[in-house]
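Asks: when you get a sec, could you give me coordinates for this:
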Amino acid sequence: MKLFLVGVDHTSAPVEVREGLAFSPVDLPNALAQLTIRNNGTPPLLAEAVLLSTCNRVELYGIAFQPEGVEQRIVEFLAKFHQLPTERFISSLFFYTGEEVVKHLFETSAGLRSLVLGEAQIQGQVRTAYTIAQRVRSTGPALSRLFRSAITTGKRVRHETSLGSGAASVSQAGVELARQRLGSLDDRCVLLVGSGAVSELAAQNLLANGAGELLVVNRTYERGLELAARYGAEALPFDRLVEAMARADIIISSTAAPTTVLHRHHVEAAMQQKAEQCGTGSEAPSLLMIDLAVPRDIDTDVCQVPGVHLHTVDDLHEVVNHTLVQRSTAIAAAQRIVAQEVASFMTWMRSYDTLPTLTWWRKQADRLRDDELKRAMRRLNLSPEEQYIVEAFSRSLVNKLLHAPTLRMKDAASNGEGQRYAAMVRDLWNLQDSPGFS
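Replies: Okay, here's the model as predicted:
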C-alpha cells in the first residue's frame, strides 16, 4: 500500500497551468470514478482517491496497492482526462509520498499553504473534496482517516492560534490590489461578474473600503439579483454585460465557467462607450480588471486594448506577502499543532500498514482450521453437541495461537517496525500473493 500525492499549486505552477488541470464540480465524480472503479475486469488505477481542486491548487491524494510507476500512470491520466500534452504541466507537478503527504494536507487545511495565509475558505474546500469522494465511494479507511484528521487539524489551528485572525481572503486581497492601484475606491463603480462566494466576499470588502457603486452581472439573472439585493447593488442580465463594463472603473470576475467569459470584443465595445461618454478632450478612459477565477474568466488579449489593466490571482502575492513577518508567532504555533497531528496520524498509519497482512493471515488460519475440522468431522461419529464443542475448541485454539503474534505486530507497527514484521509473516505463511501486497 502506498499513500501518495500528485499536484500543482500556486507555488509550483502559474495560473495558465493550474486552469488546464482544474476539475470542475461536474468533472470531479467522473474523474474519481475513472481512477477507482474496475472497468471490464481491469483493476482500478487506485484503491482510494480524493481530488482537491481550487483556484490555487489541483491535488490528487491516492492509495495505490501497486505503487511501482503510479506517478507516471497519474500523469498519463491527467493528460488524457484534460486532453493536454504532458510537457504542458509535468515540470510543475510535485510528487509526495507517506508522511510528506500528511504534512502537506494538514498544512493546507490549516491555511499555512494558502496564497492568503490563514484564509478560512480552504478548510471548507478540503471538506467538500472529501464529501464528494465519499459520495462516489472513492475513499476507504486510509483517506477517510487522513481527511478527517486534516479537517480536525484545520479546526485546531483556527481555534487555538491567531493565524486566521484578520486573515484576508482571496476576495479581500483582490479588493486591496484595486485600492493600491487606484489609490482609493471612493466613488468608484465596481462590476462583479459572478454571484458565488468569492463575489459575495468581494462585495463585503468593497463596501467596507468605500466603493461608490456596485453592479452585478451573472449568467443566471435571478442569482445576480439575490446578491445585489443583499448589498444594495444593481443587477443586470448577462446580455447587458458590455453596458455594465462601460459604467465600471473596476471589474472583479469570479465565475465557475470552464472557459473565458470576458473577451477582447466585450472590452473594446465597453471602452468605446466609455470614450463616447467622456467626450472629446477628456482624459482617455481606463479600466482595471481583476480575474480571481481558475480557470480564468478574462481573455488575456484584453491587455492589448489601450487603457485596460488586467491582473490575475497570481498577482495577489505582492498584496499578501507583507503579512508573513507580522504573523510569525501564529505561524509557529500552527506548525506545532500540525506536527502533533501528523505524528498522531502516522502512528495510526503504521498500524494500518500491517492490516492487510493481519487480515489475510487470519483468513488463512481460519481456512486451515475449517478444512481440518471438516476432515475430522467426517471420521468421527459425533453428536451435534459434541460437534459444537469441537468446533468451539478449534476456534479458541486458533485465536490463542494468533493473539500474541498479532499484538506483537501491532506494537511493532507503532514503533515503525510493522512492515518488517509483516514481511516475515507473509514469508512464513506464504502470503505473498494475497490482496493488498506489493
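Asks: drop to CA atoms for contacts and neighbour counts, all remaining ones
Replies: Will do.
Asks: do you know how far R223 is from S195?
Replies: In this structure, R223 and S195 are 6 Å apart, going by Cα to Cα, to the nearest Å.
Asks: which one of the two is surrounded by more residues?
Replies: S195 (27 against 17; other Cα atoms under 10 Å).
Asks: who are the neighbours in contact with the more buried one?
Replies: Shown in contact with S195 (Cα atoms under 8 Å, 6 or more residues apart in numbering): 216-218, 223-224, 227, 254-255.
Asks: so it sits in a helix?
Replies: No - counting by DSSP: H, G, I helix; E, B strand; the rest coil, S195 is not found in a helix; it is coil.
Asks: what's it sitting at in phi/psi?
Replies: Reported as degrees, to the nearest 10, the phi and psi values for S195 are phi -130, psi 20.
Asks: and it, how far is that from D9?
Replies: Computed as Cα to Cα, the S195 to D9 distance reads 25 Å.
Asks: for R38, same thing?
Replies: Distance of R38 to D9, given as Cα to Cα: 30 Å.
Asks: in TSV: the contacts of S195, plus pLDDT.
Replies: Output for the contacts of S195, formatted as TSV (pLDDT from 0 to 100):
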residue	pLDDT
V216	97
V217	97
N218	96
R223	95
G224	95
L227	96
S254	95
T255	94
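Asks: and these, which of them are in strands?
Replies: Taking DSSP state E, the ones among these that sit in strands are 216-218.
Asks: nearest to E68, of those?
Replies: Of all these, E68 sits closest to N218, with 46.9 Å by Cα to Cα.
Asks: ok, what's across the strand from that closest one?
Replies: P237 (DSSP bridges).
Asks: so for the host helix or strand of V198, mean pLDDT?
Replies: Element membership for V198, per DSSP states H and E: helix 197-208. Averaged across helix 197-208, the pLDDT comes to 93.
Asks: helices or strands up against that helix?
Replies: Helix 197-208 makes packing contacts with helix 170-182, strand 189-193, helix 221-231 when contacts are defined by 3 or more Cα pairs under 8 Å, 6 or more residues apart in numbering; DSSP states H and E.
Asks: P44 looks like it's in a helix, true?
Replies: No - using three-state DSSP, the assignment for P44 is coil, not a helix.
Asks: what distance do you get for it to R38?
Replies: 5 Å.
Asks: ok so, going back, out of the contacts of S195, who's nearest A343?
Replies: Looking across the contacts of S195 and measuring by Cα to Cα, the closest to A343 is S254, at 38.1 Å.
Asks: what's near enough to touch that closest one?
Replies: 192-196, 198-199, 291-293, 297.
Asks: how would you label the residue nearest the centre of the chain: helix, strand or coil?
Replies: Taking Cα atoms, centre = their mean, the centroid of the chain lies closest to L52, which sits 1.9 Å from it. The three-state assignment at L52 reads strand, by three-state DSSP.
Asks: which residues touch it?
Replies: 58-60, 125-126, 129.
Asks: same deal with R88?
Replies: Residues near R88 by Cα under 8 Å, 6+ apart: V17.
Asks: what about the helices in the stretch 301-438 of the chain?
Replies: Listed in chain order, the helices of the stretch 301-438 of the chain (DSSP state H, counting those that start in this stretch) span 317-320, 323-326, 328-353, 355-379, 384-414, 418-428.
Asks: could I get those helices as CSV with mean pLDDT, mean neighbour count and distance to A248?
Replies: Formatted as CSV, those follow (pLDDT from 0 to 100; neighbours: other Cα atoms under 10 Å; distance: least, Cα to Cα, whole Å):
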stretch, mean pLDDT, mean neighbour count, distance to A248
helix 317-320, 77, 15, 23
helix 323-326, 62, 11, 30
helix 328-353, 89, 18, 39
helix 355-379, 84, 15, 61
helix 384-414, 86, 14, 61
helix 418-428, 76, 17, 63
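Asks: can I get these in TSV with distance to F94?
Replies: TSV is the format used below for the helices of the stretch 301-438 of the chain (distance: least, Cα to Cα, whole Å):
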stretch	distance to F94
helix 317-320	20
helix 323-326	24
helix 328-353	20
helix 355-379	29
helix 384-414	28
helix 418-428	26
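Asks: OK, contacts around the residue lying closest to I132 once chain neighbours are set aside?
Replies: Spatial nearest neighbour of I132, excluding adjacent residues (Cα to Cα, 6 or more residues apart in numbering): P29 at 7.1 Å. P29 makes contact with 132-133, 136 under the criterion Cα under 8 Å, 6+ apart.
Asks: element containing the residue lying closest to H266 once chain neighbours are set aside?
Replies: Of all residues not flanking H266 in the chain, V242 sits nearest, at 5.8 Å (Cα to Cα, 6+ apart). Element membership for V242 (DSSP H and E) is helix 241-247.
Asks: tell me what that helix is packed against?
Replies: strand 189-193, strand 213-218, helix 264-278.
Asks: show me what counts as buried in stretch 34-41.
Replies: For stretch 34-41, the neighbour count (16 or more other Cα atoms under 10 Å) marks 34-37 as buried.
Asks: and of the residues you listed, the nearest to A412?
Replies: T36 (31.0 Å).
Asks: how close does that closest one get to A133?
Replies: Distance from T36 to A133, counting by Cα to Cα: 10 Å.
Asks: got any residues that touch both of the two?
Replies: Shared contacts of T36 and A133 (Cα under 8 Å, 6+ apart): A49.
Asks: hmm, back to that, most neighbours, which of the contacts of S195?
Replies: Counting by other Cα under 10 Å, V216 has the largest number of neighbours within those, with 30 neighbours.
Asks: ok, back up a step: residues contacting the helix holding V242, please?
Replies: Helix 241-247 has contacts (Cα under 8 Å, 6+ apart) with 189, 191, 215, 217, 236, 251, 266-267, 269-271, 273-274.
Asks: ok, the residues you listed vs T329, which is closest?
Replies: I251 (36.0 Å).
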